[in-house]
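Novice: coords please:
(chains A and B)
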Protein chains: 2
Amino acid sequence: MSLPSGRVWSPVITPFTSALTPDPERFVTQCRWLIDNDVGLAVFGTNSEANSLSVDEKIALLDALVEGGIPADRMMPGTGACALPDAVALTRHAVAKGVEGVLMLPPFYYKGVSEEGLYRYYSEVIEQVDDRRLRIYVYHIPQVSQVPLTLALIERLIKAYPQHIVGVKDSSGDWSNTYAMIEQFAGDGFQVYAGSEHFLLQTLRAGGAGCISATANVNPRPIAALAKAWQGADADEQQAALTHTRSIFERFPMIPALKAAAARYSGAEDWAQVRPPLVALSGEQRKALHAELDAVSFDMPGLKHG
Amino acid sequence: MSLPSGRVWSPVITPFTSALTPDPERFVTQCRWLIDNDVGLAVFGTNSEANSLSVDEKIALLDALVEGGIPADRMMPGTGACALPDAVALTRHAVAKGVEGVLMLPPFYYKGVSEEGLYRYYSEVIEQVDDRRLRIYVYHIPQVSQVPLTLALIERLIKAYPQHIVGVKDSSGDWSNTYAMIEQFAGDGFQVYAGSEHFLLQTLRAGGAGCISATANVNPRPIAALAKAWQGADADEQQAALTHTRSIFERFPMIPALKAAAARYSGAEDWAQVRPPLVALSGEQRKALHAELDAVSFDMPGLKHG
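Specialist: Numbers count the residues shown, from 1 in each chain, chains lettered A, B, ... in the order given. The predicted model follows:
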């Protein structure tokens, strides 16, 4: 009997040069490595510093991936933006390239906005993009966006656009919310992703789709392995190991720590670059991170550049 | 003896057509009316739905104003953005057009960012724009941006870039914070603006520069009058009247209410249009607003279009 596999996506970290411009070549290399390690490419996510990139930069990076031979159907780019025309332009471009779907933040500048206003935003994007291939995963990350997506809003969107609203990423870290999404929506094939592999096994056991996780940037294969073998006898053991590795990165500012690891294991020092308002790890922090990673024999095998 | 006048700026509401595209002609008309009523043009502010506009849309609207004969030195466009290249592109364009200054939000997607990260953001913008005409007013609006600008950050920026960091807008609504900014920085000519005319008289008496206020969109002349006559015998009376008029608008969602008033008094119904995630006032709400405005004989004289 063949058992359904979970799916794992990485919000791919974005490489910058020392002049803080994106480095498409290093981006292609990283994405190829991730795919070779069985995780999909949720490029332009929170951990990609996506909102620190202009729409033009994101379009150029997406084109570089396609031209670099990375299959578009392994991509789920983040295309949400505060400004409707930005979201429409990037979404339209991504859909035309043949991506699996787009991960869409709500507009996040105004706070305390109504469900009706958020509904109209997603609805306008769908109507303006006007492409039957458009598949949207809505993105709930209230601690960052400060604009939550309620169950009532998601239900309304699914009912109005069942062919376009196909899933959700729940990055709230609130398992009861993720569970409620699965209970309420997953029965009809709607894909509920946890925002961290911390919840991977719980999510798959409850009927969710998998996870889209920051640390899939650095630890892809073991996470993808559990998503495949989640019904196996050692699943809990595998989950514990994933959670332990993740906890090391959680002791540091996450994005700079992911990039510091990429710098170390690839040998490309520019990986450590972040755009303001983020700040790279200090030398002291990097030493501490390296020591913790060495203590568990952590590696990113096959990442070495050049 | 000639007494120093305060200054008043309006975060100009942005007109949309029924297709939700900006209407440059109506924008020029509105800006001319505001200048004729003695307030400056803080275009692309929070109340302008600036973050719901793309950079290209903002550049086109700015160009329309200049081509429409609106003096650039009466403009203080908002140019802050989450993405550094967006902030640089818009700021560079605005400075080249000869604006008085730019009002700059911090990047507002990531929360809990460090003072160092915010310093680097402003610093990068200044270094990349690289124009001695660049005058930045930093923008503190923590309840919306969720990214506060501390006194320590402002002090550091002023010290590093005294020719470029020339003022602040404090929209916190916390008078003790505005007062601290004036006490600490205004002595050297640094301009501290309150984010509402509610604090106009207090701000001017303490040594601040004036206000940049949403309701200057609808009530410009009386606000500008107090800014001029703040040392007059009836200043407190004038302040009370301003605060009363403002309080009417504060009982409704502010941006939709400003636009409903513009629609009513200009006769151009499209003024009521807002972009998602905002929602226009309902018919019920508009009736209630009109009744309250009529009760105080409110008007926007000279706004009538066509």
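
Novice: what does the model give residue A:1 for pLDDT?
Specialist: At residue A:1, the model reports a pLDDT of 35.

Novice: what does the stretch 1-150 of chain A put close to chain B?
Specialist: A:20, A:46, A:51-57, A:82-86, A:89, A:106-111, A:113-114, A:116-118, A:120-121, A:123-124, A:143-147 (C-beta under 8 Å from any C-beta of the partner chain). The C-beta positions use only the backbone N, C-alpha and C, and glycine is treated the same way.

Novice: mind running it again at 7 Å?
Specialist: A:51-54, A:57, A:82-86, A:106-111, A:113-114, A:116-118, A:120-121, A:124, A:144, A:146 (C-beta under 7 Å from any C-beta of the partner chain).

Novice: wait, residue A:178 sits on residue A:171?
Specialist: No: counting by C-beta atoms under 7 Å, residue A:178 does not reach residue A:171; the two are 9.5 Å apart.

Novice: hang on, the earlier thing: mind listing which of the residues of the stretch 1-150 of chain A next to chain B are in strands?
Specialist: Here DSSP state E is the test, and the residues of the stretch 1-150 of chain A next to chain B give no hits in strands at all.

Novice: List only buried entries from these.
Specialist: Neighbour-count burial (16 or more other C-beta atoms under 10 Å in any protein chain shown) applied to the residues of the stretch 1-150 of chain A next to chain B gives A:51-54, A:57, A:82-86, A:106-110, A:113, A:117-118, A:120-121, A:124, A:144, A:146.

Novice: Residue A:221: what's it in contact with?
Specialist: Residue A:221 makes contact with A:37-38, according to C-beta atoms under 7 Å, 6 or more residues apart in numbering or on different chains.

Novice: now it: how far from residue A:239?
Specialist: 15 Å (C-beta to C-beta, to the nearest Å).

Novice: What does the pLDDT read for residue A:280?
Specialist: On the pLDDT scale, residue A:280 gets 98.

Novice: Is it in contact with residue A:274, as I believe?
Specialist: Yes: using C-beta under 7 Å, residue A:280 is in contact with residue A:274, at 5.4 Å.

Novice: who has more neighbours, the two?
Specialist: The residue with more neighbours, out of residue A:280 and residue A:274, is residue A:274; 24 against 18, by other C-beta atoms under 10 Å in any protein chain shown.

Novice: pretty sure the more buried one is touching residue A:255, no?
Specialist: Yes: using C-beta under 7 Å, residue A:274 is in contact with residue A:255, at 6.3 Å.

Novice: which residues do the two both contact?
Specialist: With C-beta under 7 Å, 6+ apart, residue A:274 and residue A:255 have common neighbours residue A:49.

Novice: ok, residue A:122 - contacts?
Specialist: Residue A:122 neighbours (C-beta under 7 Å, 6+ apart): residue A:157.

Novice: ditto for residue A:199
Specialist: A:175, A:178, A:211.

Novice: Which one (most neighbours) among the residues you listed?
Specialist: residue A:211 (32 neighbours).

Novice: middle-most residue in chain A, spatially?
Specialist: Taking C-alpha atoms, centre = their mean, the centroid of chain A lies closest to residue A:11, which sits 3.1 Å from it.

Novice: where does that residue land on pLDDT?
Specialist: pLDDT at residue A:11 comes out at 98.

Novice: try the one 4 residues further on
Specialist: The predicted structure scores residue A:15 at 98 on the pLDDT scale.

Novice: Could you do the one 10 residues further on as well?
Specialist: pLDDT recorded at residue A:25 is 97.

Novice: Identify the residue nearest it in space, chain neighbours excluded?
Specialist: residue A:64 (7.8 Å; C-beta to C-beta, 6 or more residues apart in numbering or on different chains).

Novice: any idea which element that neighbour lies in?
Specialist: Element membership for residue A:64, per DSSP states H and E: helix A:55-67.

Novice: which residues of the stretch 51-200 of chain A fall in helices?
Specialist: A:55-67, A:84-97, A:115-129, A:142-145, A:151-160, A:175-185, A:200-206 (DSSP state H, counting those that start in this stretch).

Novice: can you give me the strands in the stretch 151-300 of chain A?
Specialist: Per DSSP state E, counting those that start in this stretch, the stretch 151-300 of chain A carries strands over the ranges A:165-170, A:191-194, A:210-212.

Novice: then the second one to PDB, C-alphas only?
Specialist: Spelled out, that is strand A:191-194. The C-alpha coordinates for strand A:191-194 follow below in PDB (Å, rounded to 0.1, in the frame of the first residue of the first chain):
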ATOM      1  CA  GLN A 191      -3.400  22.100   1.700                       C
ATOM      2  CA  VAL A 192      -2.500  23.200   5.200                       C
ATOM      3  CA  TYR A 193       1.200  23.800   5.700                       C
ATOM      4  CA  ALA A 194       2.800  24.400   9.100                       C
END
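
Novice: Can you list the helices and strands that that strand packs against?
Specialist: Here strand A:191-194 touches strand A:165-170, helix A:175-185, helix A:200-206, strand A:210-212, going by 3 or more C-beta pairs under 7 Å, 6 or more residues apart in numbering or on different chains; DSSP states H and E.

Novice: so for that strand, what's the average pLDDT?
Specialist: pLDDT averaged over strand A:191-194 gives 98.

Novice: Give the pairing partners of that strand; include direction for each.
Specialist: strand A:165-170 (parallel), strand A:210-212 (parallel) (DSSP bridges).

Novice: Any chance of CSV for these, columns mean pLDDT?
Specialist: Shown next, in CSV, are the strands paired with strand A:191-194 (pLDDT from 0 to 100):
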stretch, mean pLDDT
strand A:165-170, 98
strand A:210-212, 98
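
Novice: ok so, going back, give the contact list for the residue nearest to the centre of chain A.
Specialist: Going by C-beta under 7 Å, 6+ apart, residue A:11 touches A:42, A:45-48, A:212, A:214.

Novice: what do you get if the cut-off is 8 Å, keeping everything else the same?
Specialist: By C-beta atoms under 8 Å, 6 or more residues apart in numbering or on different chains, the residues touching residue A:11 are A:42-48, A:78, A:212-214, A:216-217.

Novice: which among those residues gets closest to residue B:167?
Specialist: residue A:46 (32.4 Å; C-beta to C-beta).

Novice: Number of residues surrounding that closest one?
Specialist: Taking other C-beta under 10 Å as the criterion, the count of residues near residue A:46 is 25.
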